[in-house]
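Chemist: any chance you can model this:
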Amino acid sequence: MEEIRNHKCPGCGSPLRFDAGAQLLVCDACGSRFDTSTVEQYDEAADGIDGGDASTWETYGGVPWEDGVAVHVCPSCGAEIVTDPTTAVTKCPYCDNVTVIEGNLSGVLRPDCVIPFSVTADDARRLMAEYCKNKPLLPKNFINELHIEETQGLYIPFWLFDCRADGRATYLATKVRHWSDSKYNYTETRRFRVYRRGGMSFSKIPADGSRKADDTMMESIEPYDYRGMKEFGTGYLSGFVADKYDVGADESKARADARVKNSVETALLTTVIGYSSVIPTGSSVKITDGTVRYAMLPVWLLHYTYRGERFTYAINGQTGRVVGKLPISRGRAAAWFAGIYAAAAALVALVMFLL
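Modeler: Predicted coordinates for the structure are as follows:
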């Protein structure tokens, strides 16, 4: 039997939600505010009370269903909530209260750390509007005709890797010198085999652990400021949605290793300077001292429709960085490129005239 719960107000029993602006759990019913550790200590104390305390939390069994789907009972209104196996935090479709499925956040599935939301839903919509400003190829009426379908705050499961990397690389480089005398023009080309080696330490390389999340989009909203990382507590999830990981650390490690290898090779290449050309001919990177932590990182997903087409944008829930594809106005694009062509033609004509 799988335990689920709502974090509820110790004063009035209403569900609590995490306020990204205040960085506190707030009760919309009575206006009380609590830090997450206080509420979790209260819940732990309630766990020891025989029979539980209905004003704090209630537990119900998760019932296995067909195709790996489970049915849970909302602790607030008693309605059935249907989830998939990876759901860790969800909203009841009837009362809109957030429910934590603790079996997906306990034991080996319990995250080590979390970065709380600091960007609110209103902030996310404002940042989206700013993202659309000063885009010369954007359809003129895009903002006015943009209809928001959903603003969803969710915690994405991430693996954070630490490691040491030592690399070696070889390059074929050339130096070219030109000079002339009264009769001839000369070119001298000297070729060199260049060798580099060096090491780097890496901390908290992120790799999302959810198959539902778009890897490219999740990497595009980086970086996060890890100084804001907290020890994990379910209170930070209240008011949001979260999934447990369904991509394990071993599988994610390949992506992290690829990023490490690319970073080391790039760093080594930047030291090969003073040549006319440089061609990499070989490299090797050895990764050691690897450790990993399981984290929940905040993301806003905004879903819009524009003239029947659906657009999704991701916003870093801590820094506010926005990523997503914007539509292009064919008319504006044509006018823009025509303007560039006209300016280039005028410049060429001016140069020809001066010559």
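Chemist: please count neighbours and contacts with C-alpha atoms only from this point.
Modeler: OK.
Chemist: what about stretch 173-191, how long is it end to end?
Modeler: Distance between the two ends of stretch 173-191: 6 Å, counting by CA to CA, to the nearest Å.
Chemist: now what about that stretch, what contacts it?
Modeler: Residues from elsewhere that reach stretch 173-191 (CA atoms under 8 Å, 6 or more residues apart in numbering): Leu172, Phe192, Arg193, Val194, Tyr275, Ser276, Ser277, Val278, Ile279.
Chemist: what subset of the residues you listed is buried?
Modeler: Val194, Val278 (16 or more other CA atoms under 10 Å).
Chemist: buried ones in the longest strand along the chain?
Modeler: Assignment by DSSP state E gives strand 147-180 as the longest strand of the chain. Neighbour-count burial for strand 147-180 flags 151-171, 173-174 (criterion: 16+ other CA under 10 Å).
Chemist: tell me the mean pLDDT over whichever helix or strand comes after it?
Modeler: Helices and strands here follow DSSP states H and E; after strand 147-180, the next one along the chain is strand 185-208. Averaging pLDDT along strand 185-208 yields 95.
Chemist: relative orientation of strand 185-208 and strand 147-180 in degrees?
Modeler: 150 degrees (axes from the mean of the first three to the mean of the last three CA atoms, to 10 degrees).
Chemist: partners of strand 185-208 in the sheet?
Modeler: Strand 185-208 has the following sheet partners, assigned by DSSP bridges: strand 147-180 (antiparallel).
Chemist: what's the average pLDDT for the partner strand?
Modeler: 92.
Chemist: can you pull the contacts of Lys230?
Modeler: Cys113, Val114, Ile115, Pro116.
Chemist: quick one on the thing from earlier: reformat the contacts of stretch 173-191 as a markdown table; add distance to Leu269.
Modeler: What follows is the contacts of stretch 173-191, written out as a markdown table (distance: CA to CA, whole Å):
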| residue | distance to Leu269 |
| --- | --- |
| Leu172 | 12 |
| Phe192 | 15 |
| Arg193 | 13 |
| Val194 | 10 |
| Tyr275 | 12 |
| Ser276 | 14 |
| Ser277 | 12 |
| Val278 | 9 |
| Ile279 | 10 |
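Chemist: between the contacts of stretch 173-191, which sits nearest Val241?
Modeler: Ile279 (47.9 Å; CA to CA).
Chemist: the closest one: which element?
Modeler: strand 277-306.
Chemist: strands of the stretch 201-350 of the chain, start to end?
Modeler: 230-231, 241-243, 277-306, 309-316, 322-323 (DSSP state E, counting those that start in this stretch).
Chemist: Ile101: which of those strands is closest?
Modeler: strand 241-243 (9.7 Å).
Chemist: who does that closest one pair up with?
Modeler: Partners of strand 241-243 in the sheet, by DSSP bridges, are strand 87-91 (antiparallel), strand 147-180 (parallel).
Chemist: just send those strands back as TSV, with distance to Val241 too.
Modeler: Below are the strands paired with strand 241-243 laid out as TSV (distance: least, CA to CA, whole Å):
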stretch	distance to Val241
strand 87-91	5
strand 147-180	5
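Chemist: Thr312: which of those is closest?
Modeler: Nearest of the strands paired with strand 241-243 (CA to CA): strand 147-180, 9.7 Å.
Chemist: center of this structure - which residue?
Modeler: Among the residues of the chain, the one closest to the centroid is Met218, at 3.7 Å (CA atoms, centre = their mean).
Chemist: quick one: contacts for Val299?
Modeler: Phe117, Gly153, Leu154, Tyr155, Ile156, Ala314, Ile315, Asn316, Gly317, Gln318.
Chemist: and if you look at Ala207?
Modeler: Here Ala207 is in contact with Phe158, Trp159, Leu160, Glu219, Ser252, Lys253, Arg255, Ala256 (CA under 8 Å, 6+ apart).
Chemist: these: which two are farthest apart?
Modeler: Farthest apart among these - using CA to CA - are Glu219 and Lys253, which lie 14.7 Å from each other.
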